[in-house]
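Trainee: Fold the following for me, if possible:
(2 chains)
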Amino acid sequence: MGHSDGDHERDDLSADDSPWSDGVWSEDDEGSLSFEDSGEGSDADSDGDEVEAVEESDSSEDEVAPRNTVGDIPYNEWYKDEEHIGYDQEGKKIKKRDREGRIAAFLKNVDDAKNWRKIYDAYNDEEVQITKDEAKLISRLLKGKTPHSNVDPYPDYVDWFEYEDKGHPLSSAPEPKRRFVPSKWEQKKCSVRSKLICSGGKVVKLVRAIRNGWIKFDKPKEEPKYYLLWGDETDTADNKRQGLSYIPAPKPNLPGHEESYNPSVEYIPTQEEIDSYQLIFESLRSVPAYEKALREGFDRCLDLYLCPRSRKKRINIDPESLKPKLPSKKDLRPYPKTCYLEFKGHSGPVKSLSVEITGQWLASGSADGTIRIWEVETGRCLKVWKVGGDVRHIAWNPSPDRPILAAIVDHDLLLLNAEVGSEEAQMRAKELLCTDESAPQDDTVAAAFHPSEKMFFVATKKFVQVYDLQKAQLVKKLESGLREISSISVHPGGDNVIVEAKMNPLIVPLEILRGHSSLDGRGVLDCKFHPKQPWLFTAGADSMIRLYCD
Amino acid sequence: MPKHYRPAGKKKEGNAAKYITRTKAVNYLQISLATFRKLCILKGVFPRQPKKKVEGNHKTYYHMKDIAFLLHDPLIEKFREIKVHRKKVKKAVAKKNRDLAERLLNRPPTYKLDRLILERYPTSVDALRDLDDCLTMVHLFAALPAVDGERVEVKRIRNCRRLSHEWQAYISRTHSLRKTFISVKGIYYQAEVQGQKVTWLTPHALQQVLTDDVDFNVMLTFLEFYETLLGFVNFKLYHSINVNYPPILDPRLEALAADDKASSEEEEKEEATPEADENNRKSSNLDESELRLAQLQHQLPANEPGALMHLVEESTADDADDDETKQCKSLFKNLKFYLSREVPRESLLFIIPAFGGTVSWEGEGAPFSEVDEDITHQIVDRPTQSHVFLSREYVQPQWIFDCVNARIILPTEGYVVGRVPPPHLSPFVDNDAEGYIPEYAETIRRLQAAARNEVLPLPGIGDEDLDNSLVAAIIDRTESNEAAERKKRLEMLEKQYHDELKMECEGITFSTLSNTRADNPTDAMEKDDTPSVNEVDAAKQAEKDAADISKTVMTRRKRGLLQAIEVRVHLML
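Mentor: Numbering: from 1, shown residues only, chains lettered A, B, ... in the order given. Sure, this is the predicted structure:
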């Protein structure tokens, strides 16, 4: 509070800076200030009182005794509403003076140059004039300086101690341990049991933890280590291993004869090995401990947890079992095995073959533009037609009494009188045949005669065309719906046409017959069975026809 | 755009998403490598082989699902707790806070593996299927020296011994031992338990040396799992024959097992067996285990609450047993064995009762002594036998093993004291598949055949006679075979000669003959010893054709497969 008081005064001083600098201090101002102070609170007054007391003790106390005798009481409070301010030494009331107004105070200040040195003494209710020295003293004090100007607050240090031959008066010893460990009093506070653990210092915490059962001192109860882990094993859904598929580790190899302590002699590879290691022990008592036992156990452990395991599909099939079982060749006899005859005459690859129904004649068409008729048994060439085009397919009339030959040459279909067989047959054939005919546009693949009617079928890659032989014109065009027709045959009754698409036929292979040499990538171009005998005709690209017999 | 560009926000796919390298897995799980290893061992997680190794060829890959499987295991949290606990103890010790350290050490965080076992082996048969490694490991550790201060705790070794004895007692009691084999590494046993063939190896009963080249952390982690597994399997097996588990043994024995330093006991033993003066500790160990095994076997049938019930069950159980068990049970039926001091007692004490024999041994706790009149065989493994009882036969231990493998009582001729016994053959080898039958295997086979015909070979001279006659028979047979072949060849030559003579008479020249030969190559082969080059080619061609014919009929897929196989075979050659 004293501080704040000082502040006020300083404020005042600064406010009245000009009078101060002029050396004029308005007493009136001071008086008004002290009034306000007295109005504010007792503390400030007591402060002021103190200042006064100091003043008194310094100068005035001895000379002038204070008039008022009420003592150190809050007289501002108690005597606020009274007419007097206290009592003098005789016990008479001291009357309060009349207040002078502000204007009067101002006038006083203007009139009297020394007015600024007058201070209102609230205790005695009178104005006191301070001397100049006193004013100076106060101003020094207010500035925070020493009261007397001749006092030096910071005199030079005079070292009065002697350091020579004296130990250092301060100790550099570390802090003693007792500063850190709990005191005896602290330890006493714990119960007997918790004394054991009190050394940590968190006594109260520990005690609480023990009381609440957070810290247990008894050893945990031993439960039975083993029990029936696998109860009933009937429930299969529950007994499935969870997670990824488990690959059991491969089992270690089982020992062979060679690992025996007493193996047969043949399991010891060489004499050197017998010499270098003792692999045979003549009796069980001489077998030493196996020094690699631990190492091998460890290796197995490593294998178990470090080796990646994966399921490998190993095909363990006997390659023989893949091959289909074929019927015995003996059961399928007779079949053509060896080359019996070679029909030579063509100069180009033989494209097509056809055997007459009786089995006596063989017709062949070649890329050199010739059609030849051979006698099967002798291999003699009976007849040659030069058709002047690539003969693609050739077929005999299935009825033996009309020996007519159909040939597809480039885009034309030719019907030829074979001029074989009896006279009568030849005559009939002549009757039948009139002219050639322009053929289908598409590539013809196969051709066939109707067995009983005068019809002729030509198969192209997609269609089957039916010609009337007598009228020599296209009668019908059958759509097969197949992608590629490879051959055609007519039912012996003549009602149905069978069209064969290119697919895998079921054939039992018997024998591989070799004989033809291949020419620019083409080998055998056509083969036909003999209608009656187990013979086979083959047409090769090497312009030869071969007959294979049993 | 780079080749493996993956747009932001799109998930990884394929092998990159499915597989994770080990380092990444460890980081992902936020554990140390050692913990990861331990976790993998306990959970049975193993690396996988991805089709495409995205991160590089030399890295180990784990399946992401496996790692997720590890991530969700409570064990991870337990391991962390243990780590924290260890730190706490360390700190307490460092602060000299002995009370705290003691208190912490009293209650370490523990974990149990039973849940893991059920997870890995949902049924007991699954567990039996994977028991081989477990048994081998437990038996190996049972053979390690139980000495304080070694890398393996004594407690663990004792536990291994106990578990292995319990297992052996069960096998012996149910007569499910099938094959035995003494190898250099130790003794192999094969038993058939609930239809599963379980094979294990026990080291020779000698002190093993702890080597430095193995990582005991890994082995002990495996052992930890195996111990638990074997305990539970034993429980299940004992439960199946209505016996309490763990079996309660003689308290004295238990005490012995619990406290090795029972010096007074040891001293007593020393007095009892003055011969065993070389290695006191070892002998006590051995004795203890043998005693335990014997007691276990003795107790197993008798542990039944009602003896009558037990008898009934025994008889019914007999019917239930398959033929092999019956055969095994009665192999040594009326025989009484006595083991000398130097033979491997533990193994024989296991095998002989497993095949129905009665056995006693030299030492404390033996059921009958050496002077018993009823003893039929004494197992001896020493160069000479000084005192001989005429009423019994002295054989080497290998005889037992060979008898067990052959399932007949072999003649003791070759196994008498002081002789080098016949070769000990592995019962795990299928000689027929191998293509070679050792001589002694052949002998045993003949003896087996003889035993099956109930024409038991006479002991002693009879056996040798049998051998001789059989050998003679074999020689006879081979000789007669050779003679017949020779005769046949001669006949053929003669016939060929006659044929040719006939043809010559008919006027067929050699040139025409060679022509016909081409048609009939096989015939030509027979006739001519040195066929011309063409003919050889033709024959080869024919052979090849014959092979190719069936190929042509195959579907394209099968043909491809066949070609692949052929290529592989070719490469392997």
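Trainee: Who are the contact partners of residue 129?
Mentor: All of this is about chain A. A:Glu27, A:Lys114, A:Arg117, A:Lys118, A:Ile119 (Cβ atoms under 8 Å, 6 or more residues apart in numbering or on different chains). C-beta: built from backbone N, CA, C; applies to glycine.
Trainee: nope, chain B
Mentor: With contacts defined as Cβ under 8 Å, 6+ apart, B:Arg129 is in contact with A:Pro248, B:Gln196.
Trainee: picking that back up, mind putting the contacts of A:Gln129 in a markdown table, pLDDT included?
Mentor: Formatted as a markdown table, these follow (pLDDT from 0 to 100):
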| residue | pLDDT |
| --- | --- |
| A:Glu27 | 41 |
| A:Lys114 | 81 |
| A:Arg117 | 83 |
| A:Lys118 | 84 |
| A:Ile119 | 84 |
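Trainee: low-scoring stretches of the stretch 401-550 of chain B, by residue?
Mentor: B:454-483, B:501, B:503-536, B:538, B:541-549 (pLDDT under 70).
Trainee: Please name the nearest non-neighbouring residue to the residue positioned nearest the centre of chain B.
Mentor: Chain B has B:Thr199 as the residue nearest its centroid, 3.0 Å off, counting by Cα atoms, centre = their mean. For B:Thr199, ignoring the flanking residues on the chain, the nearest one in space by Cβ to Cβ, 6 or more residues apart in numbering or on different chains is B:Gln190 at 4.6 Å.
Trainee: B:Ser426 is in contact with that neighbour, correct?
Mentor: No: between B:Gln190 and B:Ser426 there is no contact under Cβ atoms under 8 Å: 10.9 Å.
Trainee: Of those two, give the one with the bigger neighbour count.
Mentor: Using other Cβ atoms under 10 Å in any protein chain shown as the criterion, B:Gln190 and B:Ser426 rank with B:Ser426 on top: 23 against 19.
Trainee: which non-adjacent residue is nearest the more buried one?
Mentor: Distance criterion Cβ to Cβ, 6+ apart; nearest residue to B:Ser426, sequence neighbours excluded, is A:His257 at 4.7 Å.
Trainee: tell me the contacts of the one you found?
Mentor: By Cβ under 8 Å, 6+ apart, the contact set of A:His257 is A:Pro263, A:Ser264, A:Tyr267, B:Pro423, B:Leu425, B:Ser426, B:Val429, B:Pro438.
Trainee: returning to that earlier point: list the buried residues of the helix or strand containing the residue nearest to the centre of chain B.
Mentor: Using DSSP states H and E, B:Thr199 sits in strand B:196-202. By 16 or more other Cβ atoms under 10 Å in any protein chain shown, the buried positions in strand B:196-202 come out as B:Gln196, B:Val198, B:Thr199, B:Trp200, B:Leu201, B:Thr202.
Trainee: ok, of the residues you listed, which one's closest to chain A?
Mentor: Nearest to chain A, judged by Cβ to the nearest Cβ, of those is B:Thr199 at 6.6 Å.
Trainee: surely that closest one meets B:Val193?
Mentor: No: under the criterion of Cβ under 8 Å, B:Thr199 makes no contact with B:Val193, lying 11.2 Å away.
Trainee: before we move on, the earlier item: give the other helices and strands that the strand holding B:Thr199 contacts.
Mentor: With contacts taken as 3 or more Cβ pairs under 8 Å, 6 or more residues apart in numbering or on different chains; DSSP states H and E, strand B:196-202 sits against helix B:124-129, helix B:131-142, strand B:187-193.
Trainee: would you list the ones you listed in CSV and tack on mean pLDDT?
Mentor: CSV is the format used below for those (pLDDT from 0 to 100):
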stretch, mean pLDDT
helix B:124-129, 90
helix B:131-142, 94
strand B:187-193, 93
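Trainee: which outside residues touch the helix or strand harbouring B:Arg557?
Mentor: Of the helices and strands defined by DSSP H and E, B:Arg557 is found in helix B:556-572. Contact with helix B:556-572 is made by A:Ile315, A:Ile317, A:Pro319, A:Leu322, A:Lys323, B:Lys551, B:Met554, as judged by Cβ under 8 Å, 6+ apart.
Trainee: which ones are touching B:Gly195?
Mentor: So B:Gly195 contacts B:Val125 (Cβ under 8 Å, 6+ apart).
Trainee: switch to 10 Å and redo it
Mentor: Contacts for B:Gly195 were tallied using Cβ atoms under 10 Å, 6 or more residues apart in numbering or on different chains; they are B:Val125, B:Leu128, B:Arg129, B:Asp322.
Trainee: So which of the residues you listed is surrounded by the most neighbours?
Mentor: Counting by other Cβ under 10 Å, top hit in the contacts of B:Gly195: B:Leu128 with 22 neighbours.
Trainee: distance of the nearest residue to it once chain neighbours are set aside from B:Arg559?
Mentor: Nearest non-adjacent residue to B:Leu128, counting by Cβ to Cβ, 6+ apart: B:Gln196, 4.3 Å away. When Cβ to Cβ, to the nearest Å is applied, the distance between B:Gln196 and B:Arg559 equals 41 Å.
Trainee: likewise A:Asp133?
Mentor: Taken as Cβ to Cβ, the span from A:Asp133 to B:Arg559 is 137 Å.
Trainee: Looking at these two now, which is surrounded by more residues?
Mentor: Between A:Asp133 and B:Arg559, B:Arg559 has the larger neighbour count (other Cβ under 10 Å), namely 15 against 10.
Trainee: per-residue confidence at the more buried one?
Mentor: Note for B:Arg559: predicted pLDDT of 81.
Trainee: can you map out the helices along the stretch 1-150 of chain A?
Mentor: If you assign secondary structure with DSSP state H, counting those that start in this stretch, the helices in the stretch 1-150 of chain A sit at A:2-15, A:17-21, A:27-40, A:42-55, A:61-63, A:75-78, A:102-111, A:132-142.
Trainee: any idea how the chain splits into domains?
Mentor: Using chain A here. Here the domain parsing of chain A from automatic domain parsing is A:2-142, A:182-215, A:249-284, A:333-549.
Trainee: Chain B was what I was after
Mentor: Domain segmentation of chain B under automatic domain parsing yields B:15-111, B:112-260+B:279-305, B:323-457, B:509-572.
Trainee: re the thing from before, name the stretch among the helices and strands packed on strand B:196-202 that sits most buried.
Mentor: Per-stretch averages of neighbours, counted by mean count of other Cβ atoms under 10 Å in any protein chain shown, single out helix B:131-142 among the helices and strands packed on strand B:196-202, with a mean of 23.
Trainee: Could you give the secondary structure assignment for A:Lys476?
Mentor: strand (DSSP: H, G, I helix; E, B strand; the rest coil).
Trainee: does it really touch A:Tyr467, like I thought?
Mentor: Yes: with contact defined as Cβ atoms under 10 Å, A:Lys476 reaches A:Tyr467; the gap is 8.9 Å.
Trainee: Looking at those two, which one has more neighbours?
Mentor: Neighbour count, other Cβ under 10 Å: between A:Lys476 and A:Tyr467, A:Tyr467 has more, with 24 against 12.
Trainee: what about that one, helix or strand, and which?
Mentor: A:Tyr467 belongs to strand A:463-468 when assigned by DSSP H and E.
Trainee: in its sheet, what does that strand sit against?
Mentor: strand A:455-460 (antiparallel), strand A:473-479 (antiparallel) (DSSP bridges).
Trainee: picking up where we left off before, just the buried residues of the contacts of helix B:556-572.
Mentor: A:Leu322, A:Lys323.
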